[in-house]
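# Sharing a model that was predicted from the sequence below.
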Amino acid sequence: MNEQLDRLLDHCIKCSDCQGVCPVAAHNPQYPGPKLLGPDLARIKCAGGAKGNTPEAAGELLRSLEMCSGCQRCELACPYGVPVAQLIRQNRDVLQRKLLLRDKMLATPQVLGQMGTAIAPLMNPVLRNSLVQKMIKGMLGLEMEQPLAFASRKDLLQPTLRQWAGAAEGKVIYFPGCHVNYQEPEVGRAFLQLLDILGVKALVTDQICCGMPLLAAGNREKAHTAFQRNIQIFKEYVEQGSQIVTTCPSCSLTLKKIYVEELGTEEARQLASAVYDYSEYLEQYSSCLAALVHPLRERAAYHLPCHTQAQGTGLAGLQLMRLVPGLELNVVDDCCGQSGTYGFKAEKQGVSRAIGSSLVWRIASIEPDIIITPCGSCKDRLSFASGVQTVHPVQLLNNACQK
Ligand code: SF4
Ligand code: SF4
């Protein structure tokens, strides 16, 4: 553990505030929770270093590390600034487990996406077949009741970064992320249209995954390689003063926070300072957008994903939605339980669905015409579980500008 993390660990006074907000602990009585798996386990590891105990002394705690969904709610709740989720990630290092084929597939959404989009017309109907879903679950431990749906190759966003010419001033780089790139390019198109309406010149990168799925799968070495590659790809543009904007809360959280925590380098900090969530970036155009949007008479459930809350951009996104006259907003901020690839793992299906069911119940009580959420995996989960049309905020804003 690094020295800074060591120091922050000492700030934990065992108040248990983090325990109270953990969605996994709330729905799985066997789960020890963030206080035990974060600061407590880190202390055991530190003490082990001094007294010669092996980390295996923590037994059951170590086995439970796999059940953390990485939502970061514990870290947000800690009144003493203890980086609980970071400690849990570091504690996982001692597990040294062999990754299953399923975990390797989920850890590389770029490879999966490239294969899926190449054969989308064939692949999508197959993945919707319930018999195929049962076989995949039995053979790979992949829960496919909510099947992946790949975009067709002809619909994908085309990278434009290679056409970069002249000064960087007035241009932004759009980082779509794997979900938009391979499953929902229509979200990316809506964002680019919106920027075009606002007179912003945006360029799209050749996609390299942000690396978060690799880290979530416990492959720190390969995750760090992906982090370093992205830092090098964007270095030149960041030095020219360009801003990098994402529409995916998990990508922006990773680029802004996790790279710095994991690498601790000046280059990682430099990239982080240039990355913006779409909501932070669009804030400066609020008055312009307010003049452009037409009324939408709809009742919406506005969902705040965990990773939006973790980077403090929830209010910025909500303020953008408030620009649309006639839109009735009902905010829901619970975890949907999907947590990226977490809900696709068969052994986590029970807790994942239990977490999501209370959110889906809350949404049903609102009786919304639409659900709005910026996270791709929350979007898929909520639309599947509720049957309500679910859109990204940039899609809604772009629609409101067109009407
Ligand atoms: S990590 Fe923070 S919230 Fe959790 S027990 Fe320690 S001080 Fe309390
Ligand atoms: S990151 Fe989320 S699931 Fe993991 S311990 Fe913290 S609150 Fe619980």
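That came through, no problem. Ligands and ions are numbered 1, 2, ... in the order given.

# This protein against ligand 2: which residues are in contact?
When proximity is defined as CB under 6 Å from any ligand atom, the chain approaches ligand 2 at 22, 24, 34, 68-74, 84-85, 88. (Glycine included, C-beta is placed from N, CA and C.)

# how about a cut-off of 5 Å?
Cys22, Val24, Pro34, Cys68, Ser69, Cys71, Arg73, Cys74, Ala85 (CB under 5 Å from any ligand atom).

# and the two most separated of the residues you listed?
For the residues of the chain next to ligand 2, the farthest-apart pair by CB to CB is Val24 and Ala85; their separation is 12.0 Å.

# residues shared between the contacts of the two?
Common neighbours of Val24 and Ala85, counting by CB atoms under 8 Å, 6 or more residues apart in numbering, are Cys68.

# ok so, going back, so which of the residues of the chain next to ligand 2 wins on neighbours?
Neighbour count (other CB atoms under 10 Å) singles out Pro34 as the most crowded of the residues of the chain next to ligand 2, with 31 neighbours.

# any idea what sits nearest that residue, other than its immediate chain neighbours?
Cys74 (3.5 Å; CB to CB, 6 or more residues apart in numbering).

# cool, and Leu61?
According to CB to CB, 6+ apart, the nearest residue to Leu61 is Leu41 (5.2 Å).

# residues in contact with the one you found?
Ala58, Leu61, Leu62, Leu65, Leu87, Ile88, Asn91.

# Tell me the one among those residues nearest to ligand 2.
Proximity of the contacts of Leu41 to ligand 2 (CB to the nearest ligand atom) peaks at Ile88, which lies at 5.8 Å.

# Among the residues of the chain next to ligand 2, which lie within helices?
Judged by DSSP state H, the subset of these located in helices is Val24, Pro34, Arg73, Cys74, Ala85.

# What's the nearest residue in the stretch 151-300 of the chain when you look at ligand 2?
Counting by CB to the nearest ligand atom, the stretch 151-300 of the chain gets nearest ligand 2 through Ala216, at 10.7 Å.

# The residue nearest the centre of the chain: which element?
Geometric centre of the chain, nearest residue: Ser250, 2.4 Å, by CA atoms, centre = their mean. Under the criterion of DSSP states H and E, Ser250 resides in helix 249-253.

# From the contact counts, what lies against that helix?
helix 212-216, strand 275-277, helix 306-310 (3 or more CB pairs under 8 Å, 6 or more residues apart in numbering; DSSP states H and E).

# Check which helices and strands the last one is in contact with.
Just to be clear, that refers to helix 306-310. helix 73-77, helix 249-253.

# could you dump the ones you listed to a markdown table with distance to Val187 and mean pLDDT?
What follows is the helices and strands packed on helix 306-310, written out as a markdown table (distance: least, CB to CB, whole Å; pLDDT from 0 to 100):
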| stretch | distance to Val187 | mean pLDDT |
| --- | --- | --- |
| helix 73-77 | 25 | 97 |
| helix 249-253 | 12 | 97 |
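
# and of those, who's closest to Lys98?
Judging the helices and strands packed on helix 306-310 by CB to CB, what sits closest to Lys98 is helix 249-253, at 25.4 Å.

# Alongside ligand 1, which residues does the stretch 51-200 of the chain contribute?
Near ligand 1, when you scan the stretch 51-200 of the chain using CB under 5 Å from any ligand atom, you find Cys78, Tyr80, Val82, Val84.

# Just the buried ones from those?
Buried by 16 or more other CB atoms under 10 Å: Cys78, Val82, Val84, out of those.
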